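1. Just to be clear, the model below is a prediction. Sequence and coordinates:
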Amino acid sequence: MRNIFAFLAGGLFGAGLFISGMTDTAKVQGWLDIFGDWDPTLAFVMGGAMIPMAIAWVLRNRRSSPVLGGSFPPAPPQRIDRTLVTGSVMFGFGWGLVGLCPGPSVASLSYGGVSHWVFFAAMVAGMALTPVLRRALDRQAATA
């Protein structure tokens with residue numbers, strides 16, 4: 001049952017990204033181009049996402065367990081550290097240079113062409129290499 005709801009939620013998310021134009025790299029880069037041909041539509045998409053998410057957080061805080069069973073994951077740490085800053089910078093570079101982040105990247109694979117597949121492959125490679133790089137940096141920091 002959980003997989004069915006996960007599939008439906010993922011499909012709804014992908015459809016929302018497509019309908020809102022967030023899989024269009026030019027639209028996303030237009031949002032970031034504040035001194036050029038600025039496109040404010042991403043602000044409305046973000047607002048449209050934050051409102052239901054705020055409601056979901058309120059409802060989650062009133063529940064002891066998820067509707068479909070299991071338990072809620074622990075809250076992430078509330079600190080700014082090397083991992084958070086590095087990940088944010090890498091996300092920002094990818095988003096700014098290409099106009100895609102993970103959700104729209106997956107949603108656009110079926111029609112985005114070769115460039116979307118290249119970005120997706122690079123993104124997956126980065127996700128696979130990050131733990132290896134992090135362990136190496138942690139070892140280096142421990143010996144220093």
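-> Good, I have the coordinates.

2. low-confidence ranges in the chain?
-> For the chain, no stretch has pLDDT under 70.

3. Do a quick rundown of the helices in it.
-> 2-20, 25-32, 41-61, 82-98, 102-107, 114-143 (DSSP state H).

4. Which positions in the fourth one come out as buried?
-> Think helix 82-98. 94-95, 98 (16 or more other Cβ atoms under 10 Å). Where C-beta positions appear, they are placed from N, C-alpha and C, glycine not excepted.

5. Could you do the shortest one as well?
-> Of the residues in helix 102-107, 104-107 count as buried by neighbour count, 16+ other Cβ under 10 Å.

6. quick one: which of the helices of the chain is nearest Gly70?
-> helix 2-20 (7.9 Å; Cβ to Cβ).

7. gap between that closest one and the chain center?
-> Taking the mean of its C-alpha atoms, helix 2-20 sits 14 Å from the chain's own mean (Cα atoms, centre = their mean, to the nearest Å).

8. Go through it and flag the buried ones.
-> By neighbour count on 16+ other Cβ under 10 Å, the buried set for helix 2-20 is 14, 17-18, 20.

9. Now do that helix against helix 41-61: the angle between them, please.
-> For helix 2-20 against helix 41-61, the angle by axes from the mean of the first three to the mean of the last three Cα atoms, to 10 degrees is 150 degrees.

10. neighbours around the residue nearest to Phe72 when sequence neighbours are not counted, how many?
-> Nearest residue to Phe72, sequence neighbours excluded (Cβ to Cβ, 6 or more residues apart in numbering): Pro66, at 6.2 Å. The burial count assigned to Pro66 is 12, neighbours taken as other Cβ atoms under 10 Å.

11. Check the gap between Pro66 and Ala6 for me.
-> 12 Å (Cβ to Cβ, to the nearest Å).
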